[in-house]
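Q: Provided below are the primary sequence and the corresponding predicted coordinates.
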Amino acid sequence: MNFSIKKLNEVDIEKTYNFFKELEILHSSKLPNIFKRPDEVEHIKEYVNNALNNPNQIFFIAEIGGEPIGLIETLIIKDGINPAHVDREYAIIDKLIVKDEYRKLGVATSLIDTTESYLKERGIKEVEIYVWDFNKNAFNLYQNKGFTTLCRRMIKEI
């Protein structure tokens with residue numbers, strides 16, 4: 001399958017809104033106590049427009065024939081707030097979305113690889129990723145890409 005990956009720009013920004021909405025629908029269906037179900041995309045538009053102007057928020061999209069099939073969002077973090085932590089600059093892959101019909105075809109792997117190459121060029125040496133416990137396919141992908149569990153965040157209803 002031939003697809004291309006490029007850094008998101010203002011021309012392509014509207015193509016991303018449905019990806020974010022799909023992700024919010026998935027998360028809200030699995031974790032309704034944490035995520036709101038999106039009724040519209042106005043808050044998504046505002047988020048993406050603001051993020052695109054932040055040099056420490058990076059988006060790449062995978063496309064076939066100009067149509068998006070995948071998206072990755074990465075944040076670059078400068079940590080020095082907690083006195084117990086070492087001052088460091090690292091990245092967090094915050095969102096990774098691939099259309100259902102293009103999953104398990106290498107799109108997510110290519111988006112991660114592209115992001116890692118970009119981060120290396122910026123001098124970033126570590127990348128973290130968040131994955132919700134219900135998302136076993138994503139967890140397996142990340143393990144196959146060399147990610148290991150750093151910590152666990154747990155919840156209990158009281």
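A: Cool, got the structure. Residues are numbered from 1 along each chain as shown.

Q: After the one helix or strand I5 maps to, which helix or strand is next?
A: According to DSSP states H and E, I5 maps onto strand 4-7. Using DSSP H and E, the helix or strand that follows strand 4-7 in sequence is helix 17-30.

Q: got the CA positions of that next one in CSV?
A: What follows is the C-alpha trace of helix 17-30 in CSV, where atoms were taken according to Å, rounded to 0.1, in the frame of the first residue of the first chain:
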residue,chain,number,x,y,z
TYR,A,17,-11.0,17.2,12.9
ASN,A,18,-12.8,13.9,12.3
PHE,A,19,-9.8,11.9,13.6
PHE,A,20,-9.9,13.7,16.9
LYS,A,21,-13.7,13.3,17.1
GLU,A,22,-13.4,9.5,16.4
LEU,A,23,-10.8,9.3,19.2
GLU,A,24,-13.0,11.2,21.6
ILE,A,25,-15.9,8.9,20.7
LEU,A,26,-13.8,5.8,21.4
HIS,A,27,-12.5,7.1,24.7
SER,A,28,-15.9,8.3,25.9
SER,A,29,-17.5,5.0,25.1
LYS,A,30,-14.9,3.1,27.1
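
Q: average pLDDT across it?
A: Across helix 17-30, pLDDT averages out at 82.

Q: Mind giving me the packing neighbours of that helix?
A: Of the remaining helices and strands, those touching helix 17-30 by 3 or more Cβ pairs under 8 Å, 6 or more residues apart in numbering; DSSP states H and E are helix 42-52, strand 88-98. C-betas here are computed from N, CA, C, even on glycine.

Q: re earlier: ok, and what's touching the strand holding I5?
A: Outside of strand 4-7, the residues that reach it under the criterion Cβ atoms under 8 Å, 6 or more residues apart in numbering are D12, I58, F59, F60, I61, A62, E63, I64, S110, L111, T114, Y118.

Q: Verify the stated contact: the first one with I61.
A: So that's D12. Yes. Under the criterion of Cβ atoms under 8 Å, D12 makes contact with I61 at 6.3 Å.
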